[in-house]
Each structure stands twice: as structure tokens, then as C-alpha cells.
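Colleague: Just to be clear, the model below is a prediction. Sequence and coordinates:
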There are 2 protein chains.
Amino acid sequence: MFSLKNDNVPGYLQLVEDIVDEIKSGKFTVGEKIPSETELCHRFTVNRYTVRQAIDKVKSLGWLETQQGKGSYVKAKPPLVCYAISGQTRFTTNMQQVGRTHQSELLHWERGVATEPEKQMLCLAVDEQIYRLEILRYVEDMPFSVTTSVLLAAAVPSFEQYLDHFKSLYQILEKHYHFTPVRVQSTFQATVADLKDTTNLKMPVDIPILKIESLMAHPAGYPVEYGVARVRGDASRCCVEF
Amino acid sequence: MFSLKNDNVPGYLQLVEDIVDEIKSGKFTVGEKIPSETELCHRFTVNRYTVRQAIDKVKSLGWLETQQGKGSYVKAKPPLVCYAISGQTRFTTNMQQVGRTHQSELLHWERGVATEPEKQMLCLAVDEQIYRLEILRYVEDMPFSVTTSVLLAAAVPSFEQYLDHFKSLYQILEKHYHFTPVRVQSTFQATVADLKDTTNLKMPVDIPILKIESLMAHPAGYPVEYGVARVRGDASRCCVEF
DNA sequence: TAGTGGTCTAGACCACGTG
DNA sequence: ACGTGGTCTAGACCACTAT
């Protein structure tokens, strides 16, 4: 620390590495305030612009957050929730297995016709009716994921009567329709969080989202549910066994 | 355009809105060069710092990319590479199936002992020897992923002799060691790109990374390879069939 | 009132790409 | 040689927080 040497790499990037290393090594602990910009200027004998460039970068790497008038603080990493998926597992059973408290909240539901991509995934004929559910899931009281589920209406007649006091989608399917969907395929993608995600998940900006699209089939074989889950990337790992 | 008015919101953010609006409206089309920083300074009568702040923000929103010595260009969204994984599939066979050109480049290799997490994944006894490979993969000439592979040295004696003119890891294993690893499990996570990623993948800033950790076993049953792939999130979807 | 981060100006030199 | 974006200095004023 206290000097920049390598002329080949920009000074602010050397500062980034220094700061990140000090956080990783535990010299700055979570929640702690790091030295002020002015102090860092003196320590490294660089201009404040250079320090700010570095801090911006460290922020976008997810290690720091700043508060005007107060300082820069080491950001707390939420605990990683390991979420296993297979042909059978569900969110609820999963969380129970790893011993996490969890809740689900039904943000919105509607009955209507499927969009073009939804039709394609579910192999629907034109204008077949579907239910669309938006479910917010919490793990250990932290907003964890937002899932949009599209259900074949024909498979779940009068579905709306079970949506009061919603607790678990698969509980409803098992209890009232006597079937458990089977996972056919899942697609994983890393994306930036859009405005809706950050609102729903009450996230600080700049956190990536793990988008999991899943197609589920009725035990009889036909596609019955198409779900898109948007999960906080910094809070989850999704494990698949083969 | 040509003036900043609202004193309540920072000037660079007004610039951001102007630029994004002009891209959305199609005034600047994909691949096109937007006016140079100096020209924007004159148009809006602001300092170059303010213009750069704005351009940085528009870049992180995914609308622009810059090239030193040339200019700022409206970014084309890269085509999504759909990457299916299962017990057997490999990167090479996968890309061939979807008809994509691809190459692999061996960035680095070393022989040594495994780190603690590597040991645990591979179920290694203390100080067992491993090979560690870092492989950069291209799809359609675009840097696509960086994979760190840890191989049990006992399973691939004298591995170094096959590393000249490296083309494909699994080709070496099949041709010279006569086995094909089988996927045991994969873990998916969305993370921000670190400095190494952005360098290796020549990425514009702030693109999320899909991190895929995979454990592969020898057909005889014991773990033989542990790989961590870091894939450009904006360029890939990873599909798993059940 | 003092210290902090947020915004901004006016300059400068460099590395890179194109003519 | 020139224009471009990338890095950097030396200042300034503001908004916010703490005391």
C-alpha cells in the first residue's frame, strides 16, 4: 500500500486491487467504513478523481456502497442460498431440506391467453386459456426471487378459488388437483436486474439476476406449467445433479 | 437537446436520458458512431468530465461501447448462444450441434497441489498432485467463456506433453487416456464480472457472468475433473434437460 | 461547523486508429 | 499528423451527516 508502481496498468485499477484485497483479507470488515476519499488521496498521493474512479469500480464489483455525507462502507454479502433442482424438487421442499425459513407471497394473478413464447413452450393451440401467477419468495425474510408461472387452465379448472391465503403453488396442485408436475427442462441465464426486479426484490442496484426458465409437465406427459424465476444472483447458487 | 435545464437532477443524468432516448428512437442505429466526446461538450456546453460520466452510465446500461482511438458506438446485442449441458455433452460437441464456429485457447497451465475447496470437490487426500488449466473459449470469434479446470494428475500422467497446439481438453482425454468424463453435478450462479473476466473476455464493463461449477467423474466412478466456467451472461443461455 | 461524498470546470498528457 | 477515447491533476461548489 501507499504507492503505485506498475506504469503499465492505470493507477485507479491498482487502487481497485488494493482496496478489494484489503476487504478480502479482512482488514476492512463488513459494514465498516473505509478511509475517506481525501485520506486515500493523501495515502496514495493521487488526485481525488483517481480515487473516485477506483471507488466507483469497487462499488460496481459489489464490495462497497457509499452514503453521501458519511462515507464508503464495506457491503454485506447476503448468505448464499443453495437451491437444488431436479426432476422432482420444488422450492418449498428444497428450503425445508436445507433448513431455511421461507414464505411465498402472491403478488398478482390473472386468467387470459398465453403470449407467443409461452404458447410455444407449452405447445398450446391458439387462444387456449392460462393462469398467470406472479410469486415473490422470501428466504430467511430476505426477498429472494420473483417467479412468473403460466399454468394451463384446462389442467386446473377454477384455480382462482384456491388463491386466497396463498402459501405454495405445488401444495394447491397436489391437494386439489392430485398431481405433481415433473421438470422437463430448465434454462439458466445471467442478466442485469431491471427496474421491476430491483423494486420487487428490494435490491441495491447493480446486482445480477439468475434467470431460470423451467418447463414442467403433467405426470401424464403433456406440458402444464412454464415458469420464469428471477433470483438474486448474490444470494443464490442453483445446483443440478446428473 | 443542446441544453440542460432541470437544476434538480445532475447534468450528466440529463445527458444519459438524451443519449438513451436518441438510441431508442432510432436516431442512432446499432453499430453507428455517436458524436465524439468533444463534440458533445460543445453541443451541451459542459465539460468533458460530465460527458464522460454520462457515457460511462449509458455503457453500464448496455447501450454503448467505446473503442479507444475510434469513438463510441451503439452496441449490438450479441446473439444468444444456447449451451445445453447434460451428463455427456461437452463444449466442443455442443457448439458443433448448434452449428457455431468455435475455438479454444489455452491461456495458462500448471502442475501443483489442489486448493482446499478443490480438494473437497475432488475428494482428494492431502497434497495429491493436480493439473490446473485455464482455457479461453470463442464462439463465432467472440470471447465467450473462461474455464479453470482442475484435473487429477494421477488420471492423466505426463499431461503436459499434449498441451502444445491445444485444441480441446476432452479430445486429449479421449485420444491419449481413453476415457470420457461424466458430469456428476453443476452449480449455476450469476455474478458480476471481476477484473480478470473483463480482461480475458474483452467485455464492455458491467456485464453479468454466468458461473458454472462442474464436477466430472471418470467412467470408473471417481471424481477426475473440477471445472469453473465463467460465461458472458449477455451472450449465453444454458439449458438442462431432465 | 467540519467532514463527507456528488457534481463540475479547465486544463494536460497518453495510447490508439486512421489518414 | 490528427482526432479519438483513457488517464490524471488542481482546483471549486454543493448536499448531506454528524456534533
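Modeller: Structure's in. What do you need?

Colleague: now chain A, which segments are flagged as low pLDDT?
Modeller: Along chain A, the model assigns pLDDT under 70 to residues A:1-7, A:194-199, A:201-206.

Colleague: The same query, at a cut-off of 80, please.
Modeller: A:1-8, A:78-79, A:89-93, A:192-207 (pLDDT under 80).

Colleague: I'd like to know how far the residue lying farthest from the centre of chain A sits from DNA strand C.
Modeller: Distance from the centre of chain A peaks at A:Thr45, with 39.8 Å (C-alpha atoms, centre = their mean). A:Thr45 is 16 Å from DNA strand C, where distance means C-beta to the nearest atom of the strand, to the nearest Å. For every residue, glycine as well, the C-beta is placed using N, CA and C.

Colleague: again, but for A:Pro143
Modeller: 24 Å.

Colleague: what about that residue, is that helix, strand or coil?
Modeller: Under the three-state scheme (DSSP: H, G, I helix; E, B strand; the rest coil), A:Pro143 adopts strand.

Colleague: again, but for A:Phe28
Modeller: Applying three-state DSSP: A:Phe28 is coil.

Colleague: okay, now it: neighbour count?
Modeller: 21 (other C-beta atoms under 10 Å in any protein chain shown).

Colleague: Touching, it and A:Asp21? I think so.
Modeller: No. Contact between A:Phe28 and A:Asp21 fails when scored by C-beta atoms under 8 Å: they sit 10.0 Å apart.

Colleague: Any residues of chain A in contact with chain B? List them.
Modeller: Neighbours of chain B within chain A, by C-beta under 8 Å from any C-beta of the partner chain: A:13, A:16-17, A:60-62, A:82, A:86-87, A:182-192, A:206-211, A:231, A:233-234, A:236-242.

Colleague: please redo it, this time with the cut-off set to 7 Å
Modeller: A:60-62, A:86-87, A:183-192, A:208-210, A:233, A:237-242 (C-beta under 7 Å from any C-beta of the partner chain).

Colleague: Take the residues you listed and keep only those in strands.
Modeller: A:183-192, A:208-210, A:237-241 (DSSP state E).

Colleague: Any quick ChimeraX command for the buried ones out of those residues?
Modeller: Paste this into ChimeraX to select the buried members of these, with burial taken from 16 or more other C-beta atoms under 10 Å in any protein chain shown:
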select /A:183,184,186,187,188,189,190,191,192,208,209,210,237,238,239,240
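
Colleague: just the strands in chain A please.
Modeller: Counting by DSSP E, the strands of chain A are A:64-67, A:71-74, A:81-85, A:102-113, A:129-139, A:142-152, A:182-192, A:208-217, A:223-232, A:236-241.

Colleague: Distance to B:Phe144 added to these, as CSV?
Modeller: Listed next are the strands of chain A as CSV, based on distance: least, C-beta to C-beta, whole Å:
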stretch, distance to B:Phe144
strand A:64-67, 30
strand A:71-74, 33
strand A:81-85, 24
strand A:102-113, 35
strand A:129-139, 32
strand A:142-152, 27
strand A:182-192, 13
strand A:208-217, 17
strand A:223-232, 23
strand A:236-241, 21
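
Colleague: Between these, which one is closest to B:His165.
Modeller: strand A:182-192 (32.4 Å; C-beta to C-beta).

Colleague: Packing partners of that closest one?
Modeller: Applying 3 or more C-beta pairs under 7 Å, 6 or more residues apart in numbering or on different chains; DSSP states H and E, one finds that strand A:182-192 contacts strand A:208-217, strand B:208-217, strand B:236-241.

Colleague: and the nearest residue in space to A:His176 that is not next to it in sequence, how far is that from A:Arg137?
Modeller: Closest residue in space to A:His176, ignoring its immediate chain neighbours: A:Tyr162 at 5.7 Å, by C-beta to C-beta, 6 or more residues apart in numbering or on different chains. For A:Tyr162, the distance to A:Arg137 equals 18 Å [C-beta to C-beta, to the nearest Å].
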